[in-house]
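Colleague: Structure, please.
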Amino acid sequence: MRITFPHMGTSWIAFKTLVEGMGHEVVLPPPPTKRTLDLGTKYSPEFACLPFKVLLGTYLEALKLGADTIISSGGVGPCRAGYYTQLQGRILKEQLGYDVRVITFEPPRGHLMQTYRIIRDLVKVSFPKFAACAWLAWQKLLALDALERESHRVRPLELEKGTTSRILSQGIKAIDRADSVKEVKNVTAAFLKRFKEMPKDYDYQPLKVGVIGEIYVVLEPFVNLDVVETLGHMGVYVNRSIFLTNWVTENTLLDTFRVEAERSAKKAAGPYLPELVGGHGQTSIGETVLYAKRGFDGVVQLAPFTCIPEIVAKSIMPRVSKELDIPVLTLMLDEQTGKAGIATRLEAFVDLLRMRRNRMARTRGETA
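Modeller: Numbering: from 1, shown residues only. Next comes the predicted model:
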């Protein structure tokens, strides 16, 4: 089989390793561009959200490169994401005439046997060889997340704009080339050291902003119009609520065995949104609560336009913001959203946060 999969941030590197480890040829999904979005929008239902359109465009581009199989994930709860692959498969086969196999991995909880059967059918190598490749893929995913986290921490401190992004890009390429767990760990250590040694303004105290929202728009820079990097260049430390390793651990492994994570966003959301509303709606509320308790200056919510779970969260957010005294900026994204407009809104939000911090500092000084 010639397999492709969604392009979501840097995760394609680990997925490529995993699929190759199963004994298949990988057709890399091209990084999404405006052409990808235009292509997906052209063949998507009007009501479909932004991730649906970008993913459909990605699959169409990969199919033109020779892919014959698509592997993607499903979903649970009242969210349309659980129907993405079914509808996308019908569009590709019935409307556009592609002879393509679409394989959907549902969340393991309640689907363990189905997941096992899919893996059994896909794996064409010995189990020890597959297990070794799966472990290498996981280590690459951990390494990619570690470098991204550190880049978020140091970007607002960099003395030469662009240094952090340049080091990160080089690190990502090095992890992609690594062919052993030892090499992955050596590469990670080397690039973390480069982040540590790069020239920084250690006296600068950056604003701290949490980024929450739907997983695909949070993880894919093209879809969120480079919000994390833009904030970093504005001198803001960004803490992204979702990294793929955390999501897999908390929502796949722990959820399968019904173990609740100690730092549970769902638990924190309880006083405001105790029920599952699908997608990441409940965790968006919970993460905002946790950011407020950790003393963050503000939160940016990233949401696809028409995303019901995030719309529910957005409607509750004013109460959370008021009661916990944490400003929240919600950015609803669709194919009409422009990068310049997003940058302008982020600049205004950052100015507001700086004025708020200065006002609070003066108040503390006056009462001291």
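Colleague: what about the strands in the stretch 251-368 of the chain?
Modeller: 298-304, 328-333 (DSSP state E, counting those that start in this stretch).
Colleague: Paired strands for the shortest one, with orientation please.
Modeller: Just to be clear, that refers to strand 328-333. Next to strand 328-333 in the sheet, as set by DSSP bridges, lie strand 298-304 (parallel).
Colleague: Could you give the average pLDDT over the partner strand?
Modeller: For strand 298-304, mean pLDDT is 97.
Colleague: what does it contact?
Modeller: The contact list for strand 298-304, computed with C-beta atoms under 8 Å, 6 or more residues apart in numbering, reads 49-51, 207, 209-214, 216-218, 224, 227, 231, 284, 287-288, 291, 310-311, 313-314, 317, 326-334, 346, 349, 352-353. All C-beta spots, glycine's among them, are computed from the backbone N, C-alpha and C.
Colleague: Of those, grab the buried ones for PyMOL.
Modeller: Buried residues among those (16 or more other C-beta atoms under 10 Å), as a PyMOL selection:
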select buried, resi 49+50+51+207+209+210+211+212+213+214+216+217+218+224+227+231+284+287+288+291+310+311+313+314+317+326+328+329+330+331+332+333+346+349+353
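Colleague: Make CSV out of the strands of the stretch 251-368 of the chain and add distance to Asp121.
Modeller: Shown next, in CSV, are the strands of the stretch 251-368 of the chain (distance: least, C-beta to C-beta, whole Å):
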stretch, distance to Asp121
strand 298-304, 32
strand 328-333, 36
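Colleague: Of these, which is nearest Tyr84?
Modeller: strand 298-304 (11.9 Å; C-beta to C-beta).
Colleague: wait, what's in contact with the closest residue to Glu20 other than its chain neighbours?
Modeller: Nearest in space to Glu20, with sequence neighbours left out and distances taken as C-beta to C-beta, 6 or more residues apart in numbering, is Val26 at 5.7 Å. Neighbouring residues of Val26 by C-beta under 8 Å, 6+ apart: Arg2, Ile3, Thr4, Lys16, Val19, Glu20.
Colleague: which ones are touching the second one?
Modeller: When the contact criterion is C-beta under 8 Å, 6+ apart, the partners of Ile3 are Val19, His24, Glu25, Val26, Val27, Ala67, Thr69, Ile70, Ile71.
Colleague: Can you tell me the SS state at Ile103?
Modeller: strand (DSSP: H, G, I helix; E, B strand; the rest coil).
Colleague: Run a quick neighbour tally on Val248.
Modeller: 14 (other C-beta atoms under 10 Å).
Colleague: go on, Arg149?
Modeller: 14.
Colleague: my read: it touches Phe243, true?
Modeller: Yes. Arg149 lies in contact with Phe243 (C-beta atoms under 8 Å); the separation is 7.2 Å.
Colleague: ok, and the closest non-adjacent residue to Phe222?
Modeller: Closest to Phe222 by C-beta to C-beta, 6+ apart is Pro32, at 4.5 Å.
Colleague: right, and that neighbour touches Gly57 too?
Modeller: Yes. Contact criterion C-beta under 8 Å: Pro32 and Gly57 qualify, at 6.9 Å.
Colleague: on that earlier part again, mind telling me what element the residue nearest to Phe222 is part of?
Modeller: If you go by DSSP states H and E, Pro32 is not part of any helix or strand.
Colleague: okay, it: pLDDT?
Modeller: pLDDT at Pro32 comes out at 96.
Colleague: which ones are touching it?
Modeller: Neighbours of Pro32 in contact, by C-beta under 8 Å, 6+ apart: His7, Val54, Gly57, Thr58, Glu220, Phe222, Val223.
Colleague: most neighbours, which of those?
Modeller: Val54 (28 neighbours).
Colleague: Skipping adjacent residues, who's closest to that one in space?
Modeller: Nearest to Val54 is Pro32, by C-beta to C-beta, 6+ apart, at 5.2 Å.
Colleague: same check, this time on Tyr43
Modeller: Per C-beta to C-beta, 6+ apart, closest to Tyr43 is Ile91, 5.7 Å.
Colleague: My read is that the one you found contacts Gly40, right?
Modeller: No. Using C-beta under 8 Å, Ile91 is not in contact with Gly40; the gap is 9.7 Å.
Colleague: Appreciated, that's everything.
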